[in-house]
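Peer 1: have a look at this fold, sequence not included:
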């Protein structure tokens, strides 16, 4: 009985703090992925945050398109990399187009 209670408590703790030590997630900004055309060019833009105190960078679509010399955006992806509850965070926007 005691081991079952400990197991339930540990499971609850792990479920509530999942992804707190390390996060590396990529997701698309699109709803019809089966019809997505990426285009011939790719541009990226980044922003960073450190210790929840300072943040810098420009992770906007416009900056990513400018960095890739893209005039017509066709698709975008977001990448988030985070360590220890967000002590260090990097946002990366990737746009595709022509």
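Peer 2: Received the coordinates, thanks. Not measured: the values here are computed from a predicted model.
Peer 1: so which residue is dead centre in this structure?
Peer 2: Centre of the chain computed as the mean C-alpha position; nearest residue by CA atoms, centre = their mean is residue 80, 2.3 Å away.
Peer 1: which residue packs closest to it, ignoring adjacent ones?
Peer 2: Once flanking residues are discounted, residue 80 sits nearest to residue 25: 5.0 Å by CB to CB, 6 or more residues apart in numbering. Backbone N, C-alpha and C define where each C-beta goes, glycine included.
Peer 1: quick one: that neighbour from residue 63, how far?
Peer 2: Note on residue 25: its distance to residue 63, by CB to CB, to the nearest Å, is 21 Å.
Peer 1: of these two, give the one with the bigger neighbour count.
Peer 2: Legend: neighbour count by other CB atoms under 10 Å for residue 25 and residue 63, higher for residue 63 (18 against 10).
Peer 1: that one in helix, strand or coil?
Peer 2: helix (DSSP: H, G, I helix; E, B strand; the rest coil).
Peer 1: where does it land on pLDDT?
Peer 2: In this model, residue 63 is scored at 92, pLDDT.
Peer 1: which elements pack onto the helix or strand hosting the residue nearest to the centre of the chain?
Peer 2: Taking DSSP states H and E as the definition, one finds residue 80 inside strand 73-83. Packing partners of strand 73-83 (3 or more CB pairs under 8 Å, 6 or more residues apart in numbering; DSSP states H and E): strand 22-28, helix 61-67, strand 88-97.
Peer 1: quickly run through the sheet partners of the last one, with directions.
Peer 2: Strand 88-97 sits in its sheet next to strand 41-50 (antiparallel), strand 73-83 (antiparallel), going by DSSP bridges.
Peer 1: buried stuff in stretch 74-83?
Peer 2: For stretch 74-83, the neighbour count (16 or more other CB atoms under 10 Å) marks 74, 75, 76, 77, 79, 81, 82 as buried.
Peer 1: ok so, going back, report the contact partners of the residue nearest to the centre of the chain.
Peer 2: 23, 24, 25, 89, 90, 91, 92 (CB atoms under 8 Å, 6 or more residues apart in numbering).
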